[in-house]
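# How does the following fold in three dimensions:
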Amino acid sequence: MKKIKVLIVDDSAFIRKIVEDILKKEDSIEVVAKVKNGKEALDYIYKNDVDVVTLDVEMPVKNGIETLQELMQTKPTPVVMISSLTKEGADLTIKALDLGAVDFITKPSNIFKISQDEVGKDIINKVKIASRVRISKTGSIKPHKRIESSIKKSLKENRISRDLGGSFDTIVSIGTSTGGPRALQEVIPNLKFDIKAPILVVQHMPPGFTKSLAERLDSLSQINVKEAEEGDILQKGFAYIAPGDRHLTLRKEGSKIKIHLDNGENVTGHKPSVDKMFYSLSELNKYRRISVIMTGMGSDGAKGMELLKKQDNVYTIAEDESTCIVFGMPKSAINLNAVDKVLPVQKIAHEINKLMEV
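Residues are numbered from 1 along each chain as shown. Alright, predicted model coming up:
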């Protein structure tokens with residue numbers, strides 16, 4: 001059986017050794033080399049075959065972002081980023097995912113915890129998933145129709161003053177996991193500014209990273225994008241991203257719908273869970289619901305979408321295998337006959353706009 005050849009890139013000898021020791025526990029993985037910066041990494045990759053690169057975000061000589069950018073343009077290779085749990089680390093990780101990294105691993109605040117079983121299994125699992133991903137030459141995704149930032153700001157300010165508490169009869173929801181930040185960047189920035197619906201998003205991510213993702217998407221989008229907060233009142237033209245350690249659920253209060261962030265048990269192995277969001281939406285059956293499942297490992301969202309599909313006023317979309325980093329989540333929903341339409345990621349925003357008649 002052919003082993004997965006992994007190159008470890010980190011400026012810390014200690015981290016290089018720990019990651020190597022973790023990966024060596026898996027028979028299907030072979031650590032072929034360890035290097036301390038991006039320049040050494042690229043030199044090695046250009047001369048040798050590598051299946052997966054684990055790449056530190058912050059390094060001297062050539063950092064992780066610069067290295068990833070060059071690698072994706074010259075010799076596209078699956079990359080798993082290794083990020084610190086800081087605001088800067090989260091922002092850089094979101095940028096790395098935009099540039100083509102498959103996934104990321106966070107360094108625990110206590111660096112010695114990185115060798116613990118749970119963290120170790122996560123690293124092994126993500127390397128194995130990355131090895132199965134086909135990477136093509138790529139750059140940052142750009143929205144189909146870019147709006148000048150000054151016009152976009154004016155649109156957002158007008159929306160806030162005009163539509164605060166405005167009524168709507170449709171709720172859009174999107175669930176995704178591995179490959180999701182990049183997929184969301186194909187969808188959210190291409191939703192029309194005058195869309196008459198709120199948009200709910202569950203992206204599997206650790207705490208802290210969802211805020212950076214929301215800020216990144218907001219900077220690119222015609223609509224407003226924010227990390228969801230307890231008690232947020234749903235407004236049309238706003239997208240709400242579930243925080244990395246809370247389920248996103250909804251509560252009807254009079255004529256308004258408020259967000260409730262649930263700190264309960266994991267659902268379908270995750271918190272936030274797409275299933276949990278869809279289950280909550282199923283209770284709002286007087287509203288039209290447009291629900292989407294995109295790229296991701298596993299089956300989160302499939303059962304929730306199946307429940308929604310049995311109700312009236314529901315339209316469901318799954319991302320096509322051709323554009324998924326990992327087809328697991330959409331495939332699970334499709335297999336349950338819970339999907340009305342299967343579309344490549346580039347066509348999902350257009351389909352939502354069309355359904356919303358904007």
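# C-alpha only now, for contacts and for neighbours.
Noted.
# isn't residue 339 right up against residue 318?
Yes. Between residue 339 and residue 318 a contact is recorded at 6.4 Å, counting by Cα atoms under 8 Å.
# check which helix or strand covers residue 60.
Residue 60 belongs to no helix or strand when assigned by DSSP states H and E.
# per-residue confidence at the nearest residue to it once chain neighbours are set aside?
Leaving aside its chain neighbours, residue 60 sits nearest to residue 37 (6.5 Å; criterion: Cα to Cα, 6 or more residues apart in numbering). The per-residue pLDDT reported for residue 37 equals 94.
# Could you tell me how many residues sit around residue 37?
Each residue near residue 37 was counted by other Cα atoms under 10 Å, and the total is 23.
# Buried residues of stretch 39-52, list them for me.
Buried positions in stretch 39-52, judged by neighbour count with 16 or more other Cα atoms under 10 Å: 39, 41-42, 44-45, 50-52.
# before we move on, the earlier item: intersection of neighbour lists for residue 339 and residue 318?
Listed as contacting both residue 339 and residue 318 by Cα atoms under 8 Å, 6 or more residues apart in numbering are residue 333.
# who has more neighbours, the two?
Neighbour totals were compared for residue 339 and residue 318, and residue 318 leads with 28 against 24 (other Cα under 10 Å).
# Could you check which helix or strand contains the more buried one?
Using DSSP H and E, residue 318 sits in strand 314-319.
# in this protein, which spans are helices?
13-24, 38-47, 64-74, 87-99, 117-131, 149-163, 180-187, 209-220, 274-282, 302-309, 328-335, 348-355 (DSSP state H).
# need the least confident one among those, by mean pLDDT.
The stretch with the lowest mean pLDDT among the helices of the chain is helix 149-163, at a mean of 55.
# and residue 171, how many neighbours?
21.
# Surely it and residue 288 touch.
Yes. Contact status for residue 171 versus residue 288: in contact at 6.4 Å, counting by Cα under 8 Å.
# What residue spans form the domains of this protein?
4-131, 149-355 (automatic domain parsing).
# I'd like to know how many residues surround residue 255.
Residues within reach of residue 255, counting by other Cα under 10 Å, total 7.
# how close does it get to residue 33?
For residue 255, the distance to residue 33 (Cα to Cα, to the nearest Å) stands at 60 Å.
# what does residue 125 give?
Here residue 125 is placed at a distance of 19 Å from residue 33 (Cα to Cα).
# More neighbours: which of the two?
More neighbours surround residue 33 than the other of residue 125 and residue 33, with 17 against 13 (other Cα under 10 Å).
# Quick one: residues contacting the more buried one.
Residue 33 neighbours (Cα under 8 Å, 6+ apart): 6-8.
# Residue 196 too?
168, 170, 236-237, 356.
# redo that, cut-off 7 Å
Contact analysis of residue 196 by Cα atoms under 7 Å, 6 or more residues apart in numbering lists 168, 236-237, 356.
# Make CSV out of those residues and add neighbour count, distance to residue 25 and pLDDT.
Below are the contacts of residue 196 laid out as CSV (neighbours: other Cα atoms under 10 Å; distance: Cα to Cα, whole Å; pLDDT from 0 to 100):
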residue, neighbour count, distance to residue 25, pLDDT
168, 16, 53, 93
236, 26, 50, 95
237, 24, 48, 94
356, 17, 51, 95
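# Run through the stretch 201-350 of the chain and note the low-pLDDT ranges.
Low-confidence regions of the stretch 201-350 of the chain, defined here as pLDDT under 70, do not occur.
# how about 90 then?
Counting by pLDDT under 90, the ranges of the stretch 201-350 of the chain that qualify are 206-208, 254-255, 325.
# Please name the spatially closest residue to residue 312 (chain neighbours excluded).
residue 285 (7.4 Å).
# burial count for the one you found?
Counted with other Cα under 10 Å, residue 285 comes out at 13.
# can you check residue 201 too?
Counted with other Cα under 10 Å, the neighbours of residue 201 add up to 27.
# Could you check how far residue 211 is from residue 37?
Separation of residue 211 from residue 37 (Cα to Cα) stands at 28 Å.
# meant to ask about residue 337
48 Å.
# what do you get for residue 230?
Plainly put, residue 230 is 41 Å away from residue 37 if you go by Cα to Cα.
# Give me the residues contacting stretch 207-216.
Here stretch 207-216 has contacts from 90-91, 94, 225-227, 241, 243-245, using Cα under 7 Å, 6+ apart.
# Now distance to residue 17 and neighbour count too, for those residues, in CSV please.
What follows is the contacts of stretch 207-216, written out as CSV (distance: Cα to Cα, whole Å; neighbours: other Cα atoms under 10 Å):
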residue, distance to residue 17, neighbour count
90, 24, 23
91, 26, 19
94, 26, 23
225, 40, 26
226, 38, 20
227, 36, 19
241, 36, 25
243, 32, 27
244, 29, 21
245, 30, 21
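# for these, which one is nearest residue 77?
residue 94 (18.0 Å; Cα to Cα).
# Who are the contact partners of the closest one?
212-213.
# Distance of it relative to residue 71?
Residue 94 is 17 Å from residue 71, by Cα to Cα.
# now do residue 280
Separation of residue 280 from residue 71 (Cα to Cα): 42 Å.
# Between these two, tell me which one has more neighbours.
Neighbours per residue (other Cα under 10 Å) separate residue 280 from residue 71, with residue 71 holding more: 22 against 16.
# Distance check, that one against residue 192.
Residue 71 is 34 Å from residue 192, by Cα to Cα.
# Distance to residue 310 added to the buried residues of stretch 39-52, as JSON lines?
As requested, the buried residues of stretch 39-52 are exported to JSON lines (distance: Cα to Cα, whole Å):
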{"residue": "39", "distance to residue 310": "54"}
{"residue": "41", "distance to residue 310": "51"}
{"residue": "42", "distance to residue 310": "51"}
{"residue": "44", "distance to residue 310": "53"}
{"residue": "45", "distance to residue 310": "50"}
{"residue": "50", "distance to residue 310": "46"}
{"residue": "51", "distance to residue 310": "43"}
{"residue": "52", "distance to residue 310": "41"}
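# Alright, calling it a day.
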